[in-house]
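Engineer: Structure here, sequence nowhere to be found:
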């Protein structure tokens, strides 16, 4: 569990050690997974396991780690409840509050993070503003996010060509120009515009 501290801001180490001070809980760092940043589950031996992707920057990693710790604490406190219900939201907010300060998160992220914690969602990617603020990498000249494109534009995503048909709340309806099938792709997905 020691190497997780290489992935999070140093100012968060002490509090995270307190949160992880449980004999039945382990944390495993995984290679990048396309569908999730982390997860929490009960193992066959009755213990609990949190996994977090290794490709996250320190701000993303910390938020994901605390998100998953909140699942563990919620399970211990309340038993079987909705995965992202009111019990989890309350626990997650309580666990995150010590980190909502400039020693841990950059000033530009703090107000966005504080707003997100008022009603946290199942995924940080559901909050477009928070997701972009956490990424912190400049957009390369040949890359854009789907939400920046106009309806009708074509773009490349995962080595396939798509046409943007419609923007919805968090996803976009896109036509795969090769197969002519329609797909919902997250508005925060990074793509290479073609038109």
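Structural biologist: Yep, it's here. Please read these numbers as outputs of a predicted model, since none were measured by experiment. Numbers count the residues shown, from 1 in each chain.
Engineer: Can you tell me how far residue 109 is from residue 57?
Structural biologist: Applying Cβ to Cβ, to the nearest Å, the value for residue 109 to residue 57 is 11 Å. Just so you know, the C-beta spots here come from the backbone N, C-alpha and C atoms, and that holds for glycine as well.
Engineer: neighbour-wise, which of the two wins?
Structural biologist: Neighbours were counted for residue 109 and for residue 57 using other Cβ atoms under 10 Å; residue 109 has more, 20 against 12.
Engineer: pLDDT of the strand ranked longest in the chain, averaged?
Structural biologist: The single longest strand within the chain, with elements called by DSSP state E, is strand 160-167. Mean per-residue pLDDT for strand 160-167: 94.
Engineer: in its sheet, what does it sit against?
Structural biologist: strand 154-157 (antiparallel), strand 171-176 (antiparallel) (DSSP bridges).
Engineer: shared neighbours of residue 109 and residue 57, anything?
Structural biologist: Contact criterion Cβ atoms under 8 Å, 6 or more residues apart in numbering; residues shared by residue 109 and residue 57: residue 134.
Engineer: sorry, back to before: could the strands paired with strand 160-167 go into a markdown table alongside distance to residue 128 and mean pLDDT?
Structural biologist: Formatted as a markdown table, these follow (distance: least, Cβ to Cβ, whole Å; pLDDT from 0 to 100):
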| stretch | distance to residue 128 | mean pLDDT |
| --- | --- | --- |
| strand 154-157 | 17 | 91 |
| strand 171-176 | 11 | 94 |
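Engineer: Redo these as TSV? Include distance to residue 65.
Structural biologist: Formatted as TSV, the strands paired with strand 160-167 follow (distance: least, Cβ to Cβ, whole Å):
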stretch	distance to residue 65
strand 154-157	28
strand 171-176	26
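Engineer: Now tabulate these in TSV and tack on distance to residue 96 and mean neighbour count.
Structural biologist: TSV is the format used below for those (distance: least, Cβ to Cβ, whole Å; neighbours: other Cβ atoms under 10 Å):
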stretch	distance to residue 96	mean neighbour count
strand 154-157	32	18
strand 171-176	26	18
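Engineer: Much appreciated, bye for now.
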